[in-house]
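J.: Sequence first, predicted coordinates after that:
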Amino acid sequence: MTASPARRVLLAAPRGYCAGVDRAVIAVEQALEQYGAPVYVRHEIVHNKYVVRTLEKKGAIFVEETSEVPPGEICVFSAHGVAPEVHEEAARGQLATIDATCPLVTKVHKEAVRYAKEDYDILLIGHEGHEEVIGTSGEAPEHITLVDGPDDVENVEVRDPERVVWLSQTTLSVDETMETVDALKGRYPDLISPPTDDICYATQNRQTAIKKVAAESDLVLVVGSQNSSNSVRLVETALSHGAKAGHLVDGAEEIDPAWLEGVTTVGVSSGASVPEVLVDGVLDWLEQHGWADVEIVQPVEERMQFSLPKELRRDLRAEAAAASGSD
Ligand code: 10D
Ligand code: SF4
């Protein structure tokens, strides 16, 4: 009789919260503490059901438009960023805003503004309708054309093929984006590239790790919500790099035991908007079903932190100064 192969879990690292998500979630928690509930948040602060539900329980109210926020109230802008017209609307509505846009999304906004000023046509690679793309496009709508993947390249039209630049959403598939860029370069040989990568470090690192895990996995489970671009990309990346099957789950309760039939190695990762408690739940579930052996696969180190939004830092400083004055 031959022994059956040992069941194991390959746990990808880095996974879960990136610096931009951590900052945005803390910003809402800090605003609730500093100013008291309710605190309004325009759009899901990050694309994760559990995070949104948890903040709602603490007193956050999520809206899609600033017009839904009563005058004078606090409104946090989500990590995905907003168009300049949203800042204007908020000012007209006399809202006290806290901008939790990730600094790496802001960087892409600034690139868009700069290239628009220099009268370039900007080809923004990204997913139509995604909140980040709406925000970035709003910086220079008359200069920006959305390119939604390699198949969309043939539809692109520009004014001057010698004055074209590409930028991108921060949470795309690195491989697919390079395919799109190659196709664009085929049409526009003078196309210029962004000065630094627009696909952020966290997106790239999570994809690098899942590729390594996927190569040895029969099944990959990615924890994340369906509307989370970077989480969805992790499942796609796993499937295109060797995983025999892959699923996106919000938590352990969504795992179908049938997925484990005939499986020896299970790969696990999570998107940049996913708290570790949800991964712990998946690991517990796997342990209860016979996958207790967990091996961490970490091809890249990650150490990144951002300071809180300036509005919160300013008010925290003022509070500290008032407190020390009253000593
Ligand atoms: O959909 P997504 O991947 O852009 O957003 P999510 O909130 O899941 O993850 C954080 C990424 C942000 C805020 C975009 F930079
Ligand atoms: Fe910022 Fe990248 Fe995280 Fe988006 S995924 S919030 S760009 S660090």
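T.: That came through, no problem. Ligands and ions are numbered 1, 2, ... in the order given.
J.: Which residue, other than its chain neighbours, is closest to residue 180?
T.: The shortest distance from residue 180 to any non-neighbouring residue, by CB to CB, 6 or more residues apart in numbering, is to residue 150 (4.8 Å). C-betas here are computed from N, CA, C, even on glycine.
J.: That neighbour contacts residue 183, correct?
T.: Yes - with contact defined as CB atoms under 8 Å, residue 150 reaches residue 183; the gap is 5.0 Å.
J.: is it true that residue 201 touches residue 301?
T.: No - at 11.0 Å, residue 201 and residue 301 do not qualify as touching, with contact defined as CB under 8 Å.
J.: Who has more neighbours out of those two?
T.: Counted by other CB atoms under 10 Å, residue 201 and residue 301 do not tie: residue 201 has more neighbours, with 16 against 8.
J.: For the more buried one, list the residues it contacts.
T.: Listed by CB atoms under 8 Å, 6 or more residues apart in numbering, the contact set of residue 201 reads 18, 104, 302, 304.
J.: how deep is the closest residue to the third one other than its chain neighbours tucked in, by neighbour count?
T.: Computed as CB to CB, 6+ apart, the closest residue to residue 302 that is not its neighbour in sequence is residue 14, at 4.2 Å. Number of residues near residue 14 (other CB under 10 Å) recorded here: 22.
J.: Residue 184 versus residue 14, what's the distance?
T.: Distance of residue 14 to residue 184, given as CB to CB, to the nearest Å: 30 Å.
J.: Check residue 281 too.
T.: Per CB to CB, residue 281 is found 42 Å from residue 184.
J.: Compare the two and say which is more crowded by neighbours.
T.: With neighbours defined as other CB under 10 Å, residue 281 and residue 184 compare such that residue 184 has more, 21 against 17.
J.: what's the helix or strand for the more buried one?
T.: In the assignment (DSSP states H and E), residue 184 maps to helix 174-187.
J.: Can you point out the buried residues in that helix?
T.: Residues 174, 176, 177, 180, 181, 183, 184 are the ones in helix 174-187 that count as buried (16 or more other CB atoms under 10 Å).
J.: any idea which helix or strand carries residue 80?
T.: Using DSSP H and E, residue 80 maps to neither a helix nor a strand.
J.: And the pLDDT at it?
T.: pLDDT, residue 80: 98.
J.: now it: how far from ligand 1?
T.: Computed as CB to the nearest ligand atom, to the nearest Å, the residue 80 to ligand 1 distance reads 5 Å.
J.: Take the buried residues of helix 174-187 and lay them out in CSV including pLDDT and distance to residue 213.
T.: Output for the buried residues of helix 174-187, formatted as CSV (pLDDT from 0 to 100; distance: CB to CB, whole Å):
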residue, pLDDT, distance to residue 213
174, 98, 16
176, 98, 19
177, 98, 21
180, 98, 25
181, 98, 26
183, 98, 29
184, 98, 31
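J.: Can you tell me which of these lies closest to ligand 2?
T.: Among these, residue 174 lies closest to ligand 2 (CB to the nearest ligand atom), at 12.6 Å.
J.: does any bit of the very next helix or strand once past the helix holding residue 184 sit next to ligand 1?
T.: Following helix 174-187 in sequence order, the next helix or strand is helix 201-214 (DSSP H and E). No - interface with ligand 1: helix 201-214 contributes nothing (CB under 6 Å from any ligand atom), its closest point being 7.7 Å away.
J.: What residues of helix 201-214 count as buried?
T.: By neighbour count on 16+ other CB under 10 Å, the buried set for helix 201-214 is 201-203, 205-214.
J.: Check what contacts the very next helix or strand once past it and list those residues.
T.: Per DSSP H and E, the first helix or strand lying C-terminal to helix 201-214 is strand 219-223. With contact meaning CB under 8 Å, 6+ apart, strand 219-223 is reached by 210, 213-214, 231, 234-235, 238-239, 243-251, 255, 259-260, 263, 265-271, 274, 278-279, 282.
J.: For the buried ones among these, write the corresponding PyMOL selection.
T.: In PyMOL, a selection of the buried entries from the contacts of strand 219-223 looks like this (16+ other CB under 10 Å):
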select buried, resi 210+213+214+231+234+235+238+239+243+245+246+247+248+249+250+251+255+259+260+265+266+267+268+269+270+271+274+278+279+282
